[in-house]
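*Asks:* Quick check, what structure comes out for this input:
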Amino acid sequence: MHIQNLQPGLVEERSYVTVMADRNGRLVLKVLDMDGRIAKTMVAQINEGRQQLELNMGDLNSGRYVMNAFSGDIFIKSMRFEKQ
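*Replies:* Take a look at the predicted model:
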């Protein structure tokens, strides 16, 4: 599983992540604040192929975050973003 990008980098209510998967699987996204505390965890079932997931970020406070993506328990990618 491969995460292409997180759009936009400056998030208001919604953000989008593009996923490429060679097989069905479970994507876990953990959003951490700058102190390393988990602010939000999202889990999605991913089908084989390319897909774009819509992420609701409206419940996060304004600030900077890091989102870590995992395929099951395997780390894939870390992405930084800012919530307005």
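*Asks:* use CA for all of it now, contacts and neighbours both
*Replies:* Noted.
*Asks:* How about residues contacting stretch 44-53?
*Replies:* By CA atoms under 8 Å, 6 or more residues apart in numbering, the residues outside stretch 44-53 that reach it are 16-28.
*Asks:* Among the residues you listed, name the buried ones.
*Replies:* Neighbour counting over the contacts of stretch 44-53 (16 or more other CA atoms under 10 Å) leaves 16, 19, 20, 21, 26, 27, 28 as the buried ones.
*Asks:* Where in this protein is the helix or strand with the lowest mean pLDDT?
*Replies:* Here the helix or strand of the chain ranked lowest by mean pLDDT, DSSP states H and E is strand 2-7, holding a mean of 88.
*Asks:* What is the distance between the helix or strand just after it and the centre of its chain?
*Replies:* Counting by DSSP states H and E, the next helix or strand C-terminal to strand 2-7 is strand 10-11. From the chain centre to the centre of strand 10-11 is a distance of 13 Å (CA atoms, centre = their mean, to the nearest Å).
*Asks:* tell me the mean pLDDT over strand 10-11?
*Replies:* In this model, strand 10-11 has an average pLDDT of 91.
*Asks:* elements contacting that strand?
*Replies:* strand 74-83 (3 or more CA pairs under 8 Å, 6 or more residues apart in numbering; DSSP states H and E).
*Asks:* Grab the nearest non-local neighbour of the residue nearest the centre of the chain.
*Replies:* The residue lying closest to the centre of the chain (CA atoms, centre = their mean) is residue 29, at 4.5 Å. Of all residues not flanking residue 29 in the chain, residue 69 sits nearest, at 4.6 Å (CA to CA, 6 or more residues apart in numbering).
*Asks:* ok now do the one you found, which residues does it touch?
*Replies:* 3, 27, 28, 29, 30, 75, 76, 77, 78.
*Asks:* go again using 10 Å as the cut-off
*Replies:* Counting by CA atoms under 10 Å, 6 or more residues apart in numbering, residue 69 makes contact with 2-3, 27-31, 41-43, 75-79.
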